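S.K.: Requesting a structural model of the entry that follows:
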Amino acid sequence: MVKTEKKDWEIIERALAAKEAELLQQEGSVLEESHLSGYRYVPTTKVVDKQSWETFAVPHIKPTCTSESWYHKDVLFELGEGIAYITLNRPEANNALNESTSQALQDATCELHGRRDIRIVVLRAEGGMFCAGGDPKHFFDALAMSERDDRKAAIGFMKFLFWFQSLPQFTVGLAQGSAMGSGIGLLCACDMVLATSTARFICSEVKLGFCPASLAPFLTRKVGPAFAKRLLCMAENISAEQAKRMGLISDVVEEESEFSDYMKDICEKVTLCAPTAAGRAKRLAQNVSLQPLTRKLLEYTGGELADIRIGEEAIKGMVAVQARVKPYWAETPIKPLY
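M.R.: Residues are numbered from 1 along each chain as shown. Okay, here's the model as predicted:
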């Protein structure tokens, strides 16, 4: 705290103390000037103002299985050469999210955070709709919850989105159909989103008397406050082209079959990028997004540069350039499964 701020607070404290003494005197109580002598309040909780790069995502629930022991049916988890696929598999329920799918998504994300051999993660869905948002049964379950449990459940989904968004891999969302509510939250947590031209996007919670609070921070970062308020407050049903103009999705294709060619191109480009450097570049982009240009921000970005350029990838990358050969990470191509 600077001296001017400290002086201002001292003036405020003296004014408050004088007002308190005046009120007590009106009630017949007179305090000696030395009544606080020897007393010093020490707060039990220390408040620390952390920067975005000092906050790290952690899983909010324990994983129950891995890719080798995968037992979930509502979500499929497949690993290929440098690529992983997470597939929502409740087409009969429009891939609505429930406890089962939430646990499965968490399990897959937990494993991927530790898989340095996986460089691209694809989030896709089976059926005609990408995701209808939260299962309607959840709304009725929430009504029966205590305020504490209801808050914990709501925050839990936000923590998952942050956990998924923080994956070191490059994440691609493939919206073969429409997305609603929490389904849009999943797409906002992806680094890149492709959608078919017939897909629609809507956050309809306000029409039901709910506030789409869980996805608001992620949607706002994705499309900006103006478009976010339009989507969240008006519950507007927008087309894929409108979603592209807003920045919600990256590109639009006519048919789902065109996803394959896009994924081949993405895999070829990511293959040429150093995995650790790409992961740190992704985290850097997330951390500096919407942050004011302060000295702390400059020190953070400068520190990242100083650290990464003396790393193994940077050293071997420069050696490869001088030798006019491919760096070691580009020798094994990433191969899409679909």
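
S.K.: Glu268: what's it in contact with?
M.R.: Pro333, Ile334 (C-beta atoms under 8 Å, 6 or more residues apart in numbering). Quick note: C-beta positions are derived from backbone N, CA and C, even for glycine.

S.K.: Assumed it was part of a helix.
M.R.: Yes - checked against DSSP: H, G, I helix; E, B strand; the rest coil, Glu268 lies within a helix.

S.K.: got a pLDDT number for it?
M.R.: Predicted confidence (pLDDT) at Glu268: the value is 97.

S.K.: where's it relative to Ile308, distance?
M.R.: 24 Å (C-beta to C-beta, to the nearest Å).

S.K.: same check, this time on Tyr338
M.R.: 33 Å.

S.K.: try Gln103
M.R.: In this view, Gln103 and Ile308 are 35 Å apart by C-beta to C-beta.

S.K.: do the same with Gln322
M.R.: Counting by C-beta to C-beta, the gap from Gln322 to Ile308 is 19 Å.

S.K.: Give me the more crowded residue out of these two.
M.R.: Remark: of Gln322 and Ile308, Ile308 carries more neighbours, 16 against 8, as counted by other C-beta atoms under 10 Å.

S.K.: Which residues are in contact with the residue nearest to Gly224 when sequence neighbours are not counted?
M.R.: Excluding the flanking residues, the one nearest Gly224 by C-beta to C-beta, 6 or more residues apart in numbering is Gly247, at 7.2 Å. Contacts for Gly247 (C-beta under 8 Å, 6+ apart) come out as Lys222, Val223, Gly224, Phe227.

S.K.: Leaving out sequence neighbours, find the closest residue to the last one.
M.R.: It refers to Phe227. That would be Met246: by C-beta to C-beta, 6+ apart, it lies 4.4 Å from Phe227.

S.K.: Look up how far Leu298 lies from the one you found.
M.R.: Computed as C-beta to C-beta, the Met246 to Leu298 distance reads 31 Å.

S.K.: the more surrounded of those two?
M.R.: Per other C-beta under 10 Å, whichever of Met246 and Leu298 has more neighbours is Met246, with 19 against 10.

S.K.: The contacts of Gly247 into TSV, with extra columns for distance to Leu79?
M.R.: Output for the contacts of Gly247, formatted as TSV (distance: C-beta to C-beta, whole Å):
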residue	distance to Leu79
Lys222	27
Val223	32
Gly224	35
Phe227	35
